[in-house]
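K.L.:
Quick one, structure for this:
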Amino acid sequence: MTEDYLCYYHLETYLFEDVHRRFHEHGKLDAFDLFSIIIWKANRAKSKLARRLIAKSGSLEAAASEFTSALSKAESAEARLLLAMKNWGFYLPMASAILTVLWPEEFTVYDIRVCNGLNDFHSLAQATAEGVWLEYGRYVEAVRCAVPDALSLRDKDRFLWGRSAAGQLRRDIARGFSRDDTPVASQGGSTRSKSESNAI
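P.N.:
Residues are numbered from 1 along each chain as shown. Now for the predicted structure:
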């Protein structure tokens with residue numbers, strides 16, 4: 001949690017610097033920092049996820065501590081993703097967002113705009129926990145290969161998202177915004193299509 005509200009205004013920077021650092025220093029996150037990630041990925045999902053976490057752990061603080069402590073103790077990237085999805089019920093878009101903030105060199109956010117840029121992986125949003133790891137690994141590798149090597153994995157994701165968003169805006173302007181098929185975007189820039197609205 002922070003009281004530096006100027007820092008919090010730049011939410012993605014706050015997540016990848018302050019929250020990331022606190023997690024690796026303390027081995028867990030509080031509810032404020034966990035829900036800052038959730039809001040960054042999909043603001044409208046916060047209430048549904050809060051109810052789910054309270055039902056599991058009794059309170060949001062207990063859930064945040066239990067979940068993120070378990071993540072810190074998991075022995076591999078695959079184990080972390082399985083834990084987030086199978087044990088805690090997060091779908092891949094949200095699970096990957098949380099894990100990307102905590103381990104940005106191993107994970108990248110599963111996002112519909114990036115799928116559009118790669119022209120692949122759209123069905124992965126609905127994958128089950130047990131069947132997701134190999135295909136998600138292919139997704140991460142596709143992100144790595146789609147953008148010049150000089151960029152970090154996180155910046156490659158940003159590049160693909162930005163290219164997709166810019167292309168969408170150009171198309172919208174060209175047709176005068178006459179069709180409502182724009183993907184749903186959260187504050188943090190992560191975007192899901194309307195068909196993915198339950199995949200949180």
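
K.L.:
C-alpha only now, for contacts and for neighbours.
P.N.:
Fine.

K.L.:
and stretch 111-131, how far apart are its ends?
P.N.:
From its first residue to its last, stretch 111-131 covers 18 Å (Cα to Cα, to the nearest Å).

K.L.:
How far away from the center of its chain is it?
P.N.:
Chain-centre distance of stretch 111-131: 12 Å, with Cα atoms, centre = their mean, to the nearest Å.

K.L.:
Repeat that for stretch 35-55.
P.N.:
Counting by Cα atoms, centre = their mean, stretch 35-55 is centred 12 Å from the centre of its parent chain.

K.L.:
any idea of the mean pLDDT in it?
P.N.:
On average, the pLDDT along stretch 35-55 is 97.

K.L.:
what about the protein, any weak spots by pLDDT?
P.N.:
Low-confidence segments of the chain (pLDDT under 70): 1-2, 180-200.

K.L.:
any idea where the helices of it begin and end?
P.N.:
Along the chain, counting by DSSP state H, helices occupy 5-9, 11-13, 20-26, 31-42, 46-57, 60-73, 77-82, 92-102, 112-118, 133-146, 153-174.

K.L.:
is it true that Val140 touches Phe107?
P.N.:
Yes - at 7.0 Å, Val140 and Phe107 qualify as touching, with contact defined as Cα atoms under 8 Å.

K.L.:
Mutual contacts of those two, please.
P.N.:
Contact criterion Cα atoms under 8 Å, 6 or more residues apart in numbering; residues shared by Val140 and Phe107: none found.

K.L.:
The two - which one has more neighbours?
P.N.:
The neighbour count for Val140 versus Phe107, taken as other Cα atoms under 10 Å, is higher for Phe107 (23 against 18).

K.L.:
Just list the residues touching the closest residue to the more buried one other than its chain neighbours, thanks.
P.N.:
If the residues on either side of it in the chain are set aside, Phe107 comes closest to Thr100, at 4.8 Å by Cα to Cα, 6 or more residues apart in numbering. By Cα under 8 Å, 6+ apart, the contact set of Thr100 is 106-109.

K.L.:
Likewise for Glu106?
P.N.:
Neighbour list for Glu106: 77, 100 [criterion: Cα under 8 Å, 6+ apart].
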